[in-house]
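Peer 1: Let's see this in three dimensions:
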Amino acid sequence: MKYTLLLLLWFTTLGVRHPNIMYAGSSSCIEVVDIKPSTHTVLVELTKLINSECWSEGFLGKREVLGVIMSRVLHKKFPNSILGVIYDKGQFDGVGTKYFIYTEETYKLVKQWYLEKYVSKYLFFYNPCSSTDTRFIRWVYKKYPNTFFIDNHLFHGE
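Peer 2: Numbering: from 1, shown residues only. Predicted structure coming up:
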């Protein structure tokens, strides 16, 4: 273990990084965070959902969508697991579409935000330009009037 860590630190100073390890900190003090296989599966599914729901959004929009998913996990009205929230029937239009794909770029962002334990104060989001469910829009405005606009999405919370 000692020699593995020294070798890892030496490679890191050369700019070589292992793809399955998250690195944090400066070159003088490196914290190595390993991801369990079960967590990796969850992160892959989160990545695919974020790609499908906000593929054209910027950094902040994608981060807020992840935050909505995490806030739903903690909320009593939604399933108490990330996969449960992702696959909750009727919640996300992107699940199962051609946009529900994995990309390394989004995965790296999702992994970073997941490790930061980022949670949003919003529970719902939609794109007002493409949403056709007027019943949902009226309901969410009435029930969750606190709104926030990022990129093309409107976020609603308590």
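Peer 1: Low-confidence ranges, the chain, go.
Peer 2: Low-confidence segments of the chain (pLDDT under 70): 1-37.
Peer 1: Check the secondary structure at residue 148 for me.
Peer 2: What DSSP: H, G, I helix; E, B strand; the rest coil gives for residue 148 is strand.
Peer 1: Quick check: closest non-adjacent residue to it.
Peer 2: Take residue 148 and drop its neighbours on the chain: the residue closest to it by Cβ to Cβ, 6 or more residues apart in numbering is residue 155, 4.5 Å away. Every residue, glycine included, has its C-beta placed from N, CA and C.
Peer 1: same question, residue 60
Peer 2: Setting aside the residues directly before and after it, residue 60 is nearest to residue 150 in space (Cβ to Cβ, 6+ apart), at 5.2 Å.
Peer 1: That neighbour against residue 64, yeah?
Peer 2: Yes. At 5.4 Å, residue 150 counts as touching residue 64 under the criterion of Cβ atoms under 8 Å.
Peer 1: which one of the two has more residues nearby?
Peer 2: Just comparing residue 150 and residue 64: by other Cβ atoms under 10 Å the higher neighbour count belongs to residue 64, 22 against 19.
Peer 1: State whether that one and residue 155 are indeed in contact, as I suppose.
Peer 2: Yes. Look at residue 64 against residue 155 with Cβ under 8 Å: they come within range, at 6.0 Å.
Peer 1: joint contacts of those two?
Peer 2: Taking Cβ atoms under 8 Å, 6 or more residues apart in numbering as the criterion, residue 64 and residue 155 both touch 120, 122, 125, 148.
Peer 1: closest to residue 92 among the residues you listed?
Peer 2: residue 125 (9.8 Å; Cβ to Cβ).
Peer 1: Bridged to that closest one, which residues?
Peer 2: Residue 125 has the following beta-bridge partners by DSSP bridges: residue 155.
Peer 1: residue contacts, it?
Peer 2: Contacts of residue 125 (Cβ under 8 Å, 6+ apart): 53, 64-65, 68, 153-156.
Peer 1: contacting residues for residue 45?
Peer 2: Going by Cβ under 8 Å, 6+ apart, residue 45 touches 82-83, 86.
Peer 1: taking these one by one, which sit in helices?
Peer 2: Residues of those located in helices (DSSP state H): 82-83, 86.
Peer 1: Please enumerate the strands of this protein.
Peer 2: Applying DSSP state E to the chain gives strands spanning 21-26, 29-34, 122-126, 146-150, 153-157.
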